[in-house]
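Participant: Sequence and predicted structure below; questions after.
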Amino acid sequence: MAPLYYGKQELELTVGQTIFDYADSLQVRVPTSCRRSGECHECIVEIQRGMEALSDPSEAEGFLRDNYRLACQARVIDSSASIDFSLLRRQPKILQHSVRRSVPLGPMTTRRDGGIYFHDKRIDDSRANIYGLAIDLGTTTIVFNLVDLEDGRVVHTGSFENPQRFGGSDVINRISYDGGEFKGELHQAVIAGLNYEIRDMCQRIRVPRKQIYEVVLVGNAAMRDIFFGFDVQSIGERPYQSLTQLEMARGERTTTTLNFQAGELGLNIFPKANVYGGPLIGSHVGADIAADLLAIEMDQEEAVVMLLDVGTNTEVVLGNRHRMLAASCPAGPAFEGGEVLYGMPGYEGAVESVELVDGQVRWHTIGEQEPQGICGSGLIDLLAELRRNQWMNQLGVLSDGSKEFFFVPEREMSLSRADISALAQAKAANYSGQWILLRRLGVPVGQLQKLYLAGGFANYIKVANAVAIGFIPDLPLERIEKVGNASLEGATLMLLSRKMRRTVEEMMAKIEHVELETTSDFFEIFVEGCMFQPMEPPPNP
């Protein structure tokens, strides 16, 4: 009989058993709230090999595409073919480092007169503790802080892979999916995912869910609005704006922020807990970037600085407290595990660093595990090392004419010409956003006092290698600062201080959003950005 694989674990296949049965045997946590009837749609798994050995998708699985299945519905029908599966809610490496901003404690939710109040409204009788959740809802990863609202202490930090992956690896694909016949599935998936993680967290640290009285959530416009159940089709077509932005333009609202009660959203915490969606900047530049700016104190900044939040959509903000320009760069998932054959997110087993020494490849994986693939930081290292050793030219062509380079030859893992092309285009999108904003503001690169790199991916890259291939501006290394998960820090600040909430809303109203694709010479800039070489500075004003 052939085996079933889950990571390094394996079991013999037995006809008639479901993927969920195997997960039980392997003691793998698979979420479910419907007793495996297929109704909750929570137990989604990705079948990486062996789809043909499984039963046809059931009616309950009609919302899934490609190689995604419900673990409770997918049964083995052929025990002679190997099956390999993975969960959609894997636990990524948590980015512990983050910039810290000290502010006086002044949350919206407080205890007084024997009760719990949100602003001036009494919502509950006094209980043992008052907790809040700060959530950074990323396209790839969701990270959250559980915070004690009475002393400002972060009690717990958790993260999990965004379970919406079945709707596409990037924002545009998820918008398209949500506009089809299965509208609402992405909303249900992220609410169910959070409920599962909240329940698990509360059980482990012994905190009652009903003592979570407030939530602040940030994310890009599409991720934020899907969470709140809004139609996101307007974000996927010109002028690429959230319904809240369009309503604000028509004078129907004064802010893009959102406020709902947890019970309305199906979030399993205190039902009357206020759930606050942070303000948007413009187009795909969302509340996560607003949170970044709050965390790095952009509202106090006099010098001209740049913030770069690298992800499936990379956002760039340039300026100071007097004037800020922002742009979104549709980089795609190439540096986050998509479009590259052996690419993967930053999980255990991912090659995270690479060196070429005396013609030999030296690599290091997350968790010291056997290599399973290569993540974004490893890809930047590999590209820079190939250039430094003259094994690849600036066009991305391997010098010996090969179609691929084996970075883990013993496991036949390689970087192909097609992979390099996908990475070049992702890099060019980032390059174009940075270059166009610098030119628009009229700031030579040398006048940038600081480049802030935000997000998990940016935290793990070798800065010198990122500069060498033109991924970030060519600045002295001492002017480049990694600020970690600044989005989560900013969300936490909004949770702990009503003043910070006002500050970020006022700051967002002043930011100028730049649509890159409307730049007359965008294509020429993009082509230049595909080159693996240090960034050429924009012409001086």
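Facilitator: That came in fine, so what should we check first?
Participant: most remote residue from this protein's center?
Facilitator: D113 (40.9 Å; CA atoms, centre = their mean).
Participant: list the contacts for it?
Facilitator: The contact partners of D113, taken as CB atoms under 8 Å, 6 or more residues apart in numbering, are R122. Heads up, the C-betas are built off the backbone N, CA and C, glycines and all.
Participant: Would you agree G38 is in contact with A71?
Facilitator: No. Counting by CB atoms under 8 Å, G38 sits too far from A71 to count as a contact (9.9 Å).
Participant: who has more neighbours, the two?
Facilitator: Set side by side, G38 and A71 show more neighbours around A71, with 25 against 16, by other CB atoms under 10 Å.
Participant: How much space separates the closest residue in space to M344 that isn't next to it in sequence from V504?
Facilitator: Counting by CB to CB, 6 or more residues apart in numbering, G373 is the residue found nearest to M344 once chain neighbours are left out, at 3.5 Å. Distance of G373 to V504, computed by CB to CB, to the nearest Å: 37 Å.
Participant: Neighbour count: these two, which is higher?
Facilitator: Between G373 and V504, counting by other CB under 10 Å, V504 is the more crowded of the two (26 against 20).
Participant: so that one is in which element?
Facilitator: helix 498-508 (DSSP states H and E).
Participant: Could you name the helices and strands sitting against that helix?
Facilitator: helix 287-295, helix 486-496 (3 or more CB pairs under 8 Å, 6 or more residues apart in numbering; DSSP states H and E).
Participant: Kindly tell me how buried N393 is, as a neighbour count.
Facilitator: Count around N393 with other CB under 10 Å applied: 14.
Participant: what residues are up against the closest residue to it other than its chain neighbours?
Facilitator: Counting by CB to CB, 6+ apart, S399 is the residue found nearest to N393 once chain neighbours are left out, at 6.5 Å. Residues near S399 by CB under 8 Å, 6+ apart: Q390, W391, M392, N393.
Participant: As JSON lines, the residues you listed with pLDDT would be great.
Facilitator: Listed next are these as JSON lines, based on pLDDT from 0 to 100:
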{"residue": "Q390", "pLDDT": "95"}
{"residue": "W391", "pLDDT": "95"}
{"residue": "M392", "pLDDT": "97"}
{"residue": "N393", "pLDDT": "96"}
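Participant: Can you go through those residues and name the buried ones?
Facilitator: M392 (16 or more other CB atoms under 10 Å).
Participant: so G114 touches S126, yeah?
Facilitator: Yes. If you go by CB under 8 Å, G114 and S126 touch, sitting 5.2 Å apart.
Participant: more crowded one of those two?
Facilitator: S126 (11 against 8).
Participant: Starting from G263, give me the distance back to the more buried one.
Facilitator: Counting by CB to CB, the gap from S126 to G263 is 20 Å.
Participant: again, but for Y22
Facilitator: 36 Å.
Participant: Settle it for me: which of those two has more neighbours?
Facilitator: Y22 (26 against 14).
Participant: I'd say N145 and G152 touch.
Facilitator: No. In this structure, N145 is not within contact of G152 by CB under 8 Å, at 10.9 Å.
Participant: quick one, which of those two is more surrounded?
Facilitator: Per other CB under 10 Å, whichever of N145 and G152 has more neighbours is N145, with 22 against 17.
Participant: how close does T18 sit to S82?
Facilitator: 17 Å.
Participant: the more surrounded of these two?
Facilitator: T18 (20 against 15).
Participant: So for that one, what's the nearest residue that isn't a sequence neighbour?
Facilitator: Here the residue nearest T18, using CB to CB, 6+ apart, is R75, at 5.2 Å.
Participant: Same question for V305.
Facilitator: In space, V305 is closest to K450, 4.3 Å off (CB to CB, 6+ apart).
Participant: How about the contacts made by Q449?
Facilitator: A303, V304, V305, R479.
Participant: Output those residues in TSV, with secondary structure appended to each entry.
Facilitator: Below are the contacts of Q449 laid out as TSV (DSSP: H, G, I helix; E, B strand; the rest coil):
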residue	secondary structure
A303	coil
V304	coil
V305	strand
R479	helix
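Participant: just the buried members of those residues?
Facilitator: For these, buried by 16+ other CB under 10 Å: V304, V305.
Participant: With respect to F523, which of the contacts of Q449 is nearest?
Facilitator: Nearest to F523 among the contacts of Q449 is V304, at 27.3 Å by CB to CB.
Participant: ok now do the closest one, which residues does it touch?
Facilitator: L318, G319, N320, L441, V443, Q447, L448, Q449.
Participant: Just the buried residues out of those residues, in ChimeraX syntax.
Facilitator: This is the ChimeraX syntax for the buried subset of the contacts of V304, where burial follows 16+ other CB under 10 Å:
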select :318,319,320,441,443,448
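Participant: Show only the entries of the contacts of V304 found in strands.
Facilitator: L318, G319 (DSSP state E).
Participant: Out of the contacts of V304, the closest to G343 would be?
Facilitator: L318 (29.1 Å).
Participant: what pairs with the closest one across the strands?
Facilitator: Following DSSP bridges, L318 is listed with bridge partners M306, L325.
Participant: thought it was touching L437?
Facilitator: Yes. Counting by CB under 8 Å, L437 is a contact partner of L318 at 4.3 Å.
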